[in-house]
Each structure stands twice: as C-alpha cells, then as structure tokens.
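*Asks:* output the structure for:
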Amino acid sequence: MTTFASGTTASNSENDSLTRDALTVLQPGFTGTKAPDWLLRRLGEGLASVGLFGRNITSREQLSELTAQLRAEREDVLVAIDEEGGDVTRLEVRTGSSFPGNHALGAVDDVHLTRAVARELGRRLAECGVNFNWAPSADVNSNPANPVIGVRSFGAGTALAARHTAAYVTGLQSAGVAACTKHFPGHGDTAVDSHHALPRIDVDASVLHERELAPFRAAIEAGTKAVMSAHILVPALDPDRPATLSNWVLTDLLRGEMGYDGLIVTDGMEMRAVAGTYGIERGSVLAVAAGADAICVGGGLADEETVRRLRDALVEAVRAGELPEERLADAAGRVRALARWTAAAASHRPGAGDEEVGLRAARRALRVTPGETFIPFTPLTAPPYVAALTPVANIAVGDETPWGVAAELAHLLPGTLTGTFAGDDAGREILGAAGDRRVVAVVRDEHRHPWMAAALDALLAARPDTIVVEMGVPQASPRGALHIATHGAARVCGRAAAEAIAGTGIPTA
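*Replies:* Next up is the predicted model:
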C-alpha cells in the first residue's frame, strides 16, 4: 500500500494509474539539444508530450535526431513547438523565419496563400519529427497598443482573422501536424503582456462573442486539434479567475456553448499572470479542474524538479478531493487521443515542398508608399546606413532572432553599414553615425514608442531623403522619401523590403 500526504491509502496499481495520468497531461520543456536522461525516463513512466523551444534547436538535421531520440523511448510522443512563423520562430531562431507571419498573410488576404504557407511550415516540422504546433494565433488585434500580439495576429478585422485562422489550421493539419489555436478567448484587446502580469479585458459579453470568439469558432469548424487558453481576466465571462483557470470559460463556454471536443492546452504556466498570483502547482490543479487537458510548462522552467512538483500536485489534489479523478483521467485520455491522431497522420504527410512560398508571401505583403515630394524615388545603388530603432522585444518573440533589412541590403548593396539605436537621443545619434550615407530607418511599431517617433522626426527634419521601413503593425502614418510596411520582421520580410529599396524586387501582382 502507498500512503499519501492526505493520510489516505491506495493500491500501487491505482497510484500508478494516477501518476501516469498526471504525467500525461504535462507538456514540459528541457534545456540542451539532446533529450536528458530524466526526460526519457519520464516518457517511459507516462509523460506523453515534450515542448521544444529555440534553445533546443540548431538545425533541421539536429532537430530530426532529437525527435528520433524521443520517439525511440515513446513512439507516439507529442513533440510540440511554438512555431508561428514570422516574428515567433523556433525552427529558425538564429536566422529569422522563412515565413512572413500572420499579419503579413492578413495584409495579402488570400486564404489560398495562407493555407499554402501553413502547409509548407507544417511539412518542414513533420519532416523533422515535430507533430504538434502551438499555432496559429487567432487573436483579433483590436487594441493597437497591444504589446504582445501585434503582428502575430492576422489583423484587426474579425472576419479577416476568422477566415485566415481556418485556412491556417487546414493547411497545417494537412501536413500531419496538429494545430493549437490560441489564445482563447482572445488576447487581442489587451495592453498588458501576460508574460509579466495579468491582463484584463473589460468589454461586454456581446462584443466578445461577435469579435474575439469568431476566429475560434472558425478554427473549431476547420477541425483544429487543440485550443490554447489565455492567461487573461475577462469579467464578462468570469469576474474572479483568468480564462486558463475558469470553468466558465473552458468548460461552459468552449466545451458547452461552442461545442469543442478537442484538446485544451494552457499557455505557459510559468508566465507571471498565473505563476505570480497562484503559483504553478496550484495554477495547474485549477486549470485541469476547470477543463484544461494539457499543462504547458517549460518556456522558463525546464527541469525534472518542475515535472515532479506538478505531477505530485495533481496526484495530491485528486487524493484531497480538489480535483476529480475522472477529470484528470479525461484530460489524459484526450492527450493520448491526439497522440494517436498524429501517429496516424504521419503516414499521410505531403511529399514535395514549396520552399519559396514564404518569400512570395512576404513580397505580396509589402506596402510601399512614396514620399510626398515631387522627386520620384530612385532605387539605391550606393550602400546606405541602416539605422535599426530597436524596442525591447516581448518574451514570445525573444531577442535571439535577428531582424531588420541590413543583412539583406548588404547582399544587394555590399558595403552597407548598420547600427542599433534606442532612447531619446536616437535621432541625433543616427545622424552622427550615418555621415553622408543615405539613411534607411527601420522601426517596429512606431505608434507604440514615442521615442521612436521622435527619432524619425529628427531624422526627417535633417534628412528628408530618409527611407522608413516599418516592420511592426503599420499604425502610424507613412512618412519618409519612401515608406515600406512589411507587416512583420521575419527574414523574408527583410529581404522583400531590401529588394524594394535596391530596385530588384520581383513583381507579385
């Protein structure tokens, strides 16, 4: 017999079943480019999912070796990744993505293109042994000041976001990779990053149903295999608990009213919106009790001790009567069902890929506005000075991934120089660094950063021939001798912009 902290006893077989179920609902990460022994051991004990991040990947070949190592221990393991494409990439974390991201796809507004991009991204993931993607973001970016969604959204239009969310889900899953539509019930109308604190959305339930929930309904109709909850407080739905921990949101709304029967995954439980208020152990118990089936943890906490603590917290909650045993078993069953789907889908993966679809999409997403001058823009032939006005990166994007146009311009115009600037003196510093070179000012969400707007004011007053490249949400009015909106900062977005500046762009009409 086994004795638990609550003072009750259970047979070893019953305990083994509870322990396996508790491990099954966890989606932990780890450090390193090879699976550690503790992770392989836990896979043998019931762990069914592993989450991968940029720290785990150096190349497609290495990733394939890693997933083969995991699959040798558990053939049907769910290998998850946060690969949105665009600004949020793990597969190409050190080079920048080959895909332009949601906002660029929304700007083009061609659902066939969105489906093709998602299919190719899924094909590459599947080729490397990854079968579960924490994407797409279905959030309607209705708040321009949103610090964490922005270009990760297809746009501010509800219908736009809905049709492209559905297309993305269809394309990704046609490659045998399960989609995880996020961040339910919608993270677009927030001004706080849930990595740092608990955001709150104060709108009527009618607005939520008409605006935020529409893309999720479209995803469900498209057959999304998973939905990820958001760590946001929505008083119109639940005045007390964030969505991830809310029975009203996950069970009554998502399961009941919306009829969703797939896997519900939490956003990272180590994010401060939950960890800073409930703690990850208590938060995980509350999430599963509320209706979540899988606990995502490992973006910041990636060790065996975290897995053990969460496993034990779930088992003890069952023993204490805080978490119904049937709810934990149901959650584990949904995880295993998805694992079976991915195993079956592996035999139906697409063959030949379309390596250039991301670049074609980035070119089509480009919006080029000539300056208000009688002198037409002439493509650059001499190497310019590229000034990157760099804001603090949000955690979802990270600061490992290069962005901008300097590297791509250097290929087209050898001798191109570049510098990174931030703060109140950025404009003056750029003028001093550029000398007599033509200036290309690269910004990211100018409308959210007053210092960035001031720097452009100073630059354009002194150098009206400055070219401005906006690689975030193009909310501010176009200005400069040439204004280029890329709708994202992926590597292919930078290449498309560089082509426009140097006059080597390929027509995409």
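
*Asks:* buried ones in the strand or helix carrying residue 66, by neighbour count?
*Replies:* Taking DSSP states H and E as the criterion, the element that holds residue 66 is helix 60-73. Under the neighbour-count criterion of 16 or more other C-beta atoms under 10 Å, helix 60-73 has 63, 66, 67, 70, 71, 73 buried. To be clear about C-beta, it is placed using only N, CA and C from the backbone, and glycine gets the same treatment.

*Asks:* where exactly do the strands run in the stretch 201-350 of the chain?
*Replies:* Assigned by DSSP state E, counting those that start in this stretch, the stretch 201-350 of the chain shows strands spanning 226-229, 263-265, 295-296.

*Asks:* what's the offset of the helix holding residue 66 from the middle of its chain?
*Replies:* The chain centroid and the centroid of helix 60-73 are separated by 22 Å, computed with C-alpha atoms, centre = their mean, to the nearest Å.

*Asks:* how about stretch 466-481?
*Replies:* 24 Å.

*Asks:* repeat that for stretch 317-327.
*Replies:* Its chain's average C-alpha position is 32 Å from that of stretch 317-327, according to C-alpha atoms, centre = their mean.

*Asks:* longest single helix anywhere in the protein?
*Replies:* Taking residue count as the measure and DSSP state H as the definition, the longest helix of the chain comes out as helix 325-345.

*Asks:* next one: residue 331, what pLDDT does it get?
*Replies:* Here the pLDDT value assigned to residue 331 is 98.

*Asks:* tally of neighbours for it?
*Replies:* Applying other C-beta atoms under 10 Å, we find 26 other residues in the vicinity of residue 331.

*Asks:* check the one 10 residues further on too.
*Replies:* Neighbour count of residue 341, defined by other C-beta under 10 Å: 20.

*Asks:* thinking again about what came up before, buried ones in the longest helix of the chain?
*Replies:* Judged by neighbour count (16+ other C-beta under 10 Å), helix 325-345 contains these buried residues: 325, 327-329, 331-332, 334-336, 338-339, 341-343, 345.

*Asks:* that older thread, make JSON lines out of the strands of the stretch 201-350 of the chain and add mean neighbour count.
*Replies:* Supplementary listing: the strands of the stretch 201-350 of the chain in JSON lines, determined by neighbours: other C-beta atoms under 10 Å:
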{"stretch": "strand 226-229", "mean neighbour count": "26"}
{"stretch": "strand 263-265", "mean neighbour count": "27"}
{"stretch": "strand 295-296", "mean neighbour count": "28"}
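
*Asks:* and those: which comes nearest residue 244?
*Replies:* Of all the strands of the stretch 201-350 of the chain, it is strand 226-229 that lies closest to residue 244, at 4.3 Å by C-beta to C-beta.

*Asks:* any idea how far the closest one is from the chain center?
*Replies:* For strand 226-229, the distance to the chain centre is 12 Å (C-alpha atoms, centre = their mean).

*Asks:* paired strands for that strand, with orientation please.
*Replies:* Using DSSP bridges, strand 226-229 pairs in its sheet with strand 178-184 (parallel), strand 263-265 (parallel).

*Asks:* which parts of the stretch 251-400 of the chain are helices?
*Replies:* Assigned helices in the stretch 251-400 of the chain, in chain order: 272-275, 280-290, 304-319, 325-345, 357-365 (criterion: DSSP state H, counting those that start in this stretch).

*Asks:* now the ones you listed as TSV including distance to residue 174?
*Replies:* Formatted as TSV, the entries for those read as follows, by distance: least, C-beta to C-beta, whole Å:
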stretch	distance to residue 174
helix 272-275	33
helix 280-290	30
helix 304-319	33
helix 325-345	9
helix 357-365	14
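
*Asks:* what's the closest of those helices to residue 213?
*Replies:* For residue 213, the closest of the helices of the stretch 251-400 of the chain is helix 280-290, at 17.6 Å, according to C-beta to C-beta.

*Asks:* same for the longest helix of the chain, what does it pack against?
*Replies:* In terms of contacts (3 or more C-beta pairs under 8 Å, 6 or more residues apart in numbering; DSSP states H and E), helix 325-345 is packed against helix 12-24, strand 78-81, strand 178-184, strand 263-265, helix 280-290, helix 304-319.
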